[in-house]
Every structure is written in C-alpha cells, then in structure tokens.
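In: model this:
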Amino acid sequence: MVQIDKNESNISVYQSAFAGGVSGSVTRALAQPLDILKIRFQLQVEPIQSGSKYSSIFQAFTSIIKEEGTTTLWSGHIPAQLLSISYGLVQFSVYEKLTQTCQQVDREFYNTHKHWINFSNGGIAASIATIVSFPFDTVRTRLIAEQKTKKAYKGFLNAVAVMMKNEGALAFFKGIIPTIAQIGPHAGVQFAVYKVLTENLLNDISFFQRFNSNQESTLTANLLAGGIAGIVSKTVIYPFDVVKKRLQIQGFQQHRYFFGKQMYCTGVMSCVKLIVTEEGFLALYKGYCPSMLKAMFVSALHFAIYDEIKHIILRL
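Out: Have a look, this model is predicted:
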C-alpha cells in the first residue's frame, strides 16, 4: 500500500481548488438550516428569552416553519452555495500553494515552525477567500433576514439588481471590516488546531491511523479534529460575526419590522456601542448555540470532505 506523507503537500493548486469547492458545496447544503437560525438570532435586538420572537433553538425552528414554511430554512441557498464554493475553492487552493512555497523555500524552517506557518497561511488564505466571496454573503444575509410572507426580493438575481440600483456596489461589502478583522485569526486558529490534532495527536493512536499507518489520519479523525477546530476558532471571534450581520442589514430594516425592534448604526464602533449599551455585553454572543452546532458540523465536514477528496486524488 502506498503511503502518503501528510506533512508533504503534493496536491496541485487546481486539485485543491476542486476539492475545496466540492467540500464547501456539500457542507453548505447540509448545514444551511443551522445558518438560518444563527442569523435570525444574531439580528434579533430583543433579549433571547420567553416571549421574544425567537427564544430557543427549537422554538425558532418550529416558528419559522409554521409562519414562513419549511423552504425558509434554505433561504438564500443559491448565494450561500456560491459563497461556499468560491470561498472553499480560493481558501484551500491558496493555503496549499502557500504551504508548498514554504516547504520549498526552507524545509528546515517549515518543519520547526510548522504550526505557526499553518496559522498564518490559513489566515491569509481565508482573508483572500473572504474578499472574493463576500458579496454572496451579503445577499445571502438579506434573503435570510427578510420576512418570507412579505418578500423584499424575488430571488438572488433580483436582490443583486435591487441592491445595486438602490444602494450601489459598496452595499455588497457592508460589514467587510469586522469580517476581515475576524477571519484571519478564525481561520488561522482553525487550520492550526486541525493540523495539530491530525498530524501530532490523533495519528499517534492506531484507531485513527489510515491503513495502520501513522502517516495519514482516518475520516473519523478528520471529522473529530475538524469539529474541535470549528468550535475553538468560532468561539474566539464570534462577536465580530454578530457585528458583521448587523451591518449587512443596514438600509434594509424597513423589511424587518415583523421581527421586532430594529437597530440603526453607522459603522463598526457604532454597532458595537449600540449592542453593548442597549442589549448588554452578552448580546455579542446572540445565536451562539446554533452557531456552535453549525461551526462544529461545518468545520468537521469541510475539512474531512476536503481531505477525503485530496486523499482520493493523490491515490489516483
């Protein structure tokens, strides 16, 4: 049986782009309902308690289905798929290219500082991928935020056209500053934790070794490592995600009165100040529970599917 050294990146940029795009698409299709719940909680100004529009994961889930229909759980799925595919394609291809370059320039330095290099390469790759895919994220958020019984947009293309006409091209990049601020450390921690677990901890345990080799971890190990990496990284940067979502719906509040009180802010610091003063510091963690479920699920699938496709490509 041929063994593949996970410490040596042999996959081409195009192959890693393909694997990243497929893993992003599959993950998004399965995790979209959790994303809907997370965003609805993040945009709710009122406290998350009994009597509010959304008070728990189960209550929000049943309320959305009852009031707006089951398909609402996949609202904005087209831009969400475009977001995930473009993000996964760019992120993993850039990460693999940076890793290969570091290995080729100075192998000894790479081996000595591998975890810090994984952190920095992951952060750089994610930042580039975020800029490329961000307009899809903004459109997706708008489609999720609207009331389905009184739609603001007829669909993805209509949303793009209306936003461009009424708000201009910059509307697609609302919230980009807090996103860039959080995505670097988020992805850096995610890649670093995943690599530490798969390359230094889990692969020392025979149960997690593929074909009885300590060179490559199994699908189970990749799922476990990806889930842990997702939880750790998301917890670190979560407040930035809430601020981003609040900024992405600025200028769209008139379509959200059905959901309760609306917040108006002019920038990152204005948004943070309003959230903390009017809703309390813990409001920066609204939607944390469904977000952690999503982070664990998405990160586990994203890394595991990517590594499985990469494994198949290298075997072939």
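In: just for the stretch 101-250 of the chain, where's the confidence low?
Out: Where the stretch 101-250 of the chain drops to pLDDT under 70, the residues are 211-215.
In: show me where it has its helices.
Out: Taking DSSP state H, counting those that start in this stretch, the helices of the stretch 101-250 of the chain run over residues 107-112, 114-145, 156-167, 176-196, 219-248.
In: relative to residue 91, which of those is closest?
Out: When the helices of the stretch 101-250 of the chain are compared by Cβ to Cβ, helix 114-145 sits nearest residue 91, at 3.9 Å. All C-beta atoms are positioned from the backbone trio N, CA, C, and that covers glycine.
In: quick one: the closest residue to residue 136 other than its chain neighbours from residue 107, how far?
Out: Taking Cβ to Cβ, 6 or more residues apart in numbering, and ignoring the residues beside it in sequence, residue 136 has residue 83 as its nearest neighbour in space, at 3.7 Å. As judged by Cβ to Cβ, to the nearest Å, residue 83 and residue 107 stand 36 Å apart.
In: which of these two has more neighbours?
Out: More neighbours surround residue 83 than the other of residue 83 and residue 107, with 24 against 11 (other Cβ atoms under 10 Å).
In: hmm, residue 216 is touching residue 210, no?
Out: Yes: here residue 216 reaches residue 210: they are 4.4 Å apart, a contact under Cβ atoms under 8 Å.
In: mutual contacts of those two, please.
Out: Residues touching both residue 216 and residue 210 (Cβ atoms under 8 Å, 6 or more residues apart in numbering): residue 311.
In: give the contact list for the residue nearest to residue 136.
Out: The neighbours of residue 83, taking Cβ under 8 Å, 6+ apart as the test, are 28, 133, 136-137, 140.
In: let's see that with 6 Å instead.
Out: Shown in contact with residue 83 (Cβ atoms under 6 Å, 6 or more residues apart in numbering): 133, 136-137, 140.
In: tell me which element it is part of?
Out: Using DSSP states H and E, residue 83 falls within helix 77-105.
In: buried set for that helix?
Out: By 16 or more other Cβ atoms under 10 Å, the buried positions in helix 77-105 come out as 77-100, 102-103.
In: residues in contact with residue 20?
Out: Shown in contact with residue 20 (Cβ under 6 Å, 6+ apart): 88-89, 92, 306.
In: gap between residue 101 and residue 13?
Out: Using Cβ to Cβ, residue 101 is found at 11 Å from residue 13.
In: secondary structure element for residue 297?
Out: helix 288-315.
In: is residue 55 in a helix, a strand, or coil?
Out: Per DSSP: H, G, I helix; E, B strand; the rest coil, the secondary structure class of residue 55 is coil.
In: measure how buried it is and give me the count.
Out: Residue 55 has 17 neighbours, counted by other Cβ under 10 Å.
In: for residue 157, same thing?
Out: For residue 157, using other Cβ under 10 Å, the count is 12.
In: quick one: it from residue 87, how far?
Out: Using Cβ to Cβ, one obtains 20 Å as the distance from residue 157 to residue 87.
In: name the nearest residue to residue 246, ignoring sequence neighbours.
Out: residue 271 (5.2 Å).
In: please verify my assumption that the one you found contacts residue 243.
Out: Yes: with contact defined as Cβ atoms under 6 Å, residue 271 counts as touching residue 243 (5.1 Å).
In: of those two, who's got more company?
Out: Neighbours per residue (other Cβ under 10 Å) separate residue 271 from residue 243, with residue 243 holding more: 25 against 22.
In: and the nearest residue to the more buried one once chain neighbours are set aside, what does it touch?
Out: In this structure, residue 243 finds its nearest non-sequential neighbour in residue 178, 4.6 Å apart by Cβ to Cβ, 6+ apart. Going by Cβ under 6 Å, 6+ apart, residue 178 touches 240, 243-244, 268.
In: if we go to 8 Å?
Out: Contact analysis of residue 178 by Cβ under 8 Å, 6+ apart lists 240, 243-244, 247, 268.
In: what of residue 149?
Out: When contacts are counted by Cβ under 8 Å, 6+ apart, residue 149 touches 67-68, 258.
In: and what of residue 196?
Out: Applying Cβ under 8 Å, 6+ apart, the residues near residue 196 are residue 115.
In: apply 10 Å and report the result again.
Out: 114-115, 118, 202, 225, 228-229 (Cβ atoms under 10 Å, 6 or more residues apart in numbering).
In: buried subset of those residues?
Out: Applying 16+ other Cβ under 10 Å to these flags 114, 118, 202, 225, 228-229 as buried.
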